[in-house]
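[1] sequence and computational prediction follow.
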There are 2 protein chains.
Amino acid sequence: MHHLLGEDMRHLKDFEFIEGVIRAGSIRKASEDMNITASALNRRINRFEDEFGYEIFERLPRGVRLNPAGELLLHHIRSQRSDFARLKSQVSDLSGVRRGHVSIACSQALLPYFLPRQIARYRSGHSGVTFSVNARDRVAAERELSEFASDIALVFEPLTMVDFEVVHAMAQPIHAVMRAEHPLADQPEIRLRDALRFPHVAPSEKLAVRVLLETAARRLTSVEVAPMIESESFDFMRHYGAWEDMISFQFPVGLDMDHQPNLVSRPLAVRDVAPGNLLLGQLRGRTLPVASARFMRDLVSALRALP
Amino acid sequence: MHHLLGEDMRHLKDFEFIEGVIRAGSIRKASEDMNITASALNRRINRFEDEFGYEIFERLPRGVRLNPAGELLLHHIRSQRSDFARLKSQVSDLSGVRRGHVSIACSQALLPYFLPRQIARYRSGHSGVTFSVNARDRVAAERELSEFASDIALVFEPLTMVDFEVVHAMAQPIHAVMRAEHPLADQPEIRLRDALRFPHVAPSEKLAVRVLLETAARRLTSVEVAPMIESESFDFMRHYGAWEDMISFQFPVGLDMDHQPNLVSRPLAVRDVAPGNLLLGQLRGRTLPVASARFMRDLVSALRALP
DNA sequence: GCAAGTGGTGCATTTTTTGCACCGGTTTTG
DNA sequence: CAAAACCGGTGCAAAAAATGCACCACTTGC
């Protein structure tokens, strides 16, 4: 949540209270969080349900819980709030202020080089725009989109999900990263069988790189993915290479070989390992805030320009 | 507007007042329409602008008018209200009520046979769903969509417009309609040159049929579109055929030849006259109410099934 | 220059919302 | 099994917010 101020906007007040009750799980708990008496809050909720025409909470002995109608309402509340924020950003935009906020859920690989560079370039032209960037796996990224917690997702993901509108897609072959002295370093393209015979590190099962490697290795006999080191953090794995000579696997968009003179990066043969799909997307049918829409457009052209 | 009741919903109260002021053109006039004092209304407006952070009205000596920020807000208001209506329809849908409202802006040709049949079939399964159907030309139809006054548009329109999301498109050749005894009646396909040599009626300039005819006739020499009778109403033109022997031009979707035994309908040669495009669409990016979305889906399959 | 518009404001009044003290209920706890 | 700890809901008086009324300053049209 990036509410800079405790913005009021009376017409959203009820919605705030409702969200508070949902978070707290009971009206009394919520009332403590929100500087209001339980009785007053209770009456607001009841009055809202009255006007709305349907109950939105199940009353349980230990508190309240959303019923299906409430789930729909919650989605409406989030959508409505994000829409209102977009409206404000549009208005401030036309009075020349050029402010806004862009929130991104992305794969880890984008964090070290690609996104910092893109965001810095964008902010050089729009210094009033703020960003929030968070690493999320494929599932969490989609959930964030549908909860309006993120505007844009940029993830490696072989599946296309419901409610995920693909704005741009590109395939990237997995690269093997090793020291320049490594026996395989002089080959322009690495066979998977060769790579796996050397000591290697690999990301954990939930990350796309590992899934693609496993899928490919299953077609081979006598070799398998057997990492000496396994981690969820590409950052950790990259640094580990400074201490022990190992092959690691990564998408090239997460690398910047110019600044790593001791290391070389070579693509795995695409006939061995299917390339990963980098998917840029948003919540289906949603109209993004101006700043996010513009940044998205820039991202698309940056992705097109990638090697 | 199909507000069955003067629904309250406190969080939309300000929006209602704002819309009232926009309609009336001045705060005082609006206050009379809406059972409130000018001073109270004035304060609501001012307070809203305060909380919103931007003025939305220009104060003129003779009243108020929306500024650009206000235009954006107005669009948000309409979108927000329609969204809330959709939410309610979804909620009532899941409690088994099966209510809803579908509003359609369409070309005249759809009014006599096609839409009545489709709507009747739909309502036979969903008797709680109400419809509003209005004939609109291409421009008005798009405006209605963007003002959330209609959910669905079904218009003959050779151009694709901004904010108009085409859900289904189909081409229909123009048909020439004449009495069974007409000299051209035994030809399976009519040449435009032949048709125009006989006395004919034609729709007025703003209708798609006329535009297509004129465009085609311009390529010919020595014949032109010179209707004896010109009208905006296909209904009138069809009935006129009972009194005087003339060729009229119409899209087949607007005809039902089974019930007109004296008349025959023959397609104009497509090499003479470009077919008209029947476009089914909605406002770009909008999520339709359940009832409208379902009816839209039915419309698509009905259009696919057309000869 | 005057009448008829307009938006805006101070103040008393009305309406709405809130806080407090409870009630009746279920679950947890000793 | 009873007491304690929750829970949502309610009557009533106090506090807060919205409203109506009378009026101001201003512009426009005659």
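    Nice, I can see it.

[2] contacts only, for residue A:55.
    Neighbouring residues of residue A:55 by CB atoms under 8 Å, 6 or more residues apart in numbering or on different chains: A:49, A:67, A:69-70. C-beta: built from backbone N, CA, C; applies to glycine.

[3] of all the residues you listed, which two lie farthest apart?
    A:49 and A:67 (10.5 Å; CB to CB).

[4] overlap in contacts of those two?
    Residues touching both residue A:49 and residue A:67 (CB under 8 Å, 6+ apart): A:55-57.

[5] and whichever residue of the stretch 101-250 of chain A sits closest to DNA strand D, how far from DNA strand C?
    Minimum separation of the stretch 101-250 of chain A from DNA strand D (CB to the nearest atom of the strand) falls at residue A:147, amounting to 22.9 Å. Using CB to the nearest atom of the strand, to the nearest Å, residue A:147 is found at 27 Å from DNA strand C.

[6] what does residue A:186 give?
    Noted for residue A:186: a distance of 67 Å to DNA strand C, by CB to the nearest atom of the strand.

[7] and that residue, helix, strand or coil?
    Recorded secondary structure, residue A:186: coil (DSSP: H, G, I helix; E, B strand; the rest coil).

[8] count of residues packed around it?
    By other CB atoms under 10 Å in any protein chain shown, 9 other residues sit near residue A:186.

[9] ramachandran angles for it?
    As for residue A:186, its main-chain torsions (degrees, to the nearest 10) stand at phi -90, psi 0.

[10] how far off centre is the worst-scoring helix or strand of chain A on mean pLDDT?
    In chain A, no helix or strand scores lower on mean pLDDT, DSSP states H and E than helix A:234-240, which sits at a mean of 81. Put simply, helix A:234-240 sits 20 Å off its chain's centre (CA atoms, centre = their mean, to the nearest Å).

[11] so what does that helix touch, helix or strand wise?
    Secondary-structure packing of helix A:234-240 (3 or more CB pairs under 8 Å, 6 or more residues apart in numbering or on different chains; DSSP states H and E): strand A:201-203, strand A:229-231, strand A:248-250.

[12] helices or strands up against the very next helix or strand once past the first one?
    Just to be clear, that refers to strand A:201-203. Sequence order places helix A:208-217 as the next helix or strand after strand A:201-203, per DSSP states H and E. In terms of contacts (3+ CB pairs under 8 Å, 6+ apart), helix A:208-217 is packed against strand A:152-156, helix A:192-197, strand A:201-203, strand A:248-250, strand A:276-283.

[13] could you redo the last one with a cut-off of 6 Å?
    Packing partners of helix A:208-217 (3 or more CB pairs under 6 Å, 6 or more residues apart in numbering or on different chains; DSSP states H and E): strand A:201-203.

[14] just want the residue of the stretch 51-200 of chain A that's nearest DNA strand C.
    Counting by CB to the nearest atom of the strand, the stretch 51-200 of chain A gets nearest DNA strand C through residue A:61, at 3.5 Å.

[15] that residue - how many residues pack around it?
    Residue crowding around residue A:61 was assessed by other CB under 10 Å; the count is 4.

[16] pull out the buried positions in the least confident helix or strand of chain A.
    Neighbour-count burial for helix A:234-240 flags A:234, A:237-238, A:240 (criterion: 16 or more other CB atoms under 10 Å in any protein chain shown).

[17] how about TSV for those, with distance to residue B:306 added?
    Below are these laid out as TSV (distance: CB to CB, whole Å):
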residue	distance to residue B:306
A:234	55
A:237	60
A:238	60
A:240	65
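
[18] between the residues you listed, which sits nearest residue A:299?
    Nearest to residue A:299 among these: residue A:234, at 20.1 Å, using CB to CB.

[19] the closest one: what's it in contact with?
    Residue A:234 makes contact with residue A:108, according to CB atoms under 6 Å, 6 or more residues apart in numbering or on different chains.

[20] what's the spacing between it and residue B:154?
    52 Å (CB to CB, to the nearest Å).

[21] report the central residue of chain A.
    Centroid-nearest residue in chain A: residue A:105, 2.0 Å away (criterion: CA atoms, centre = their mean).

[22] correct me if wrong: that one contacts residue A:153.
    Yes. The criterion here is CB atoms under 6 Å, and residue A:105 meets it with residue A:153 at 4.8 Å.

[23] is DNA strand D contacted by the longest helix along chain A?
    Assignment by DSSP state H gives helix A:68-94 as the longest helix of chain A. No. Counting by CB under 7 Å from any atom of the strand, DNA strand D is not contacted by helix A:68-94; separation bottoms out at 13.2 Å.
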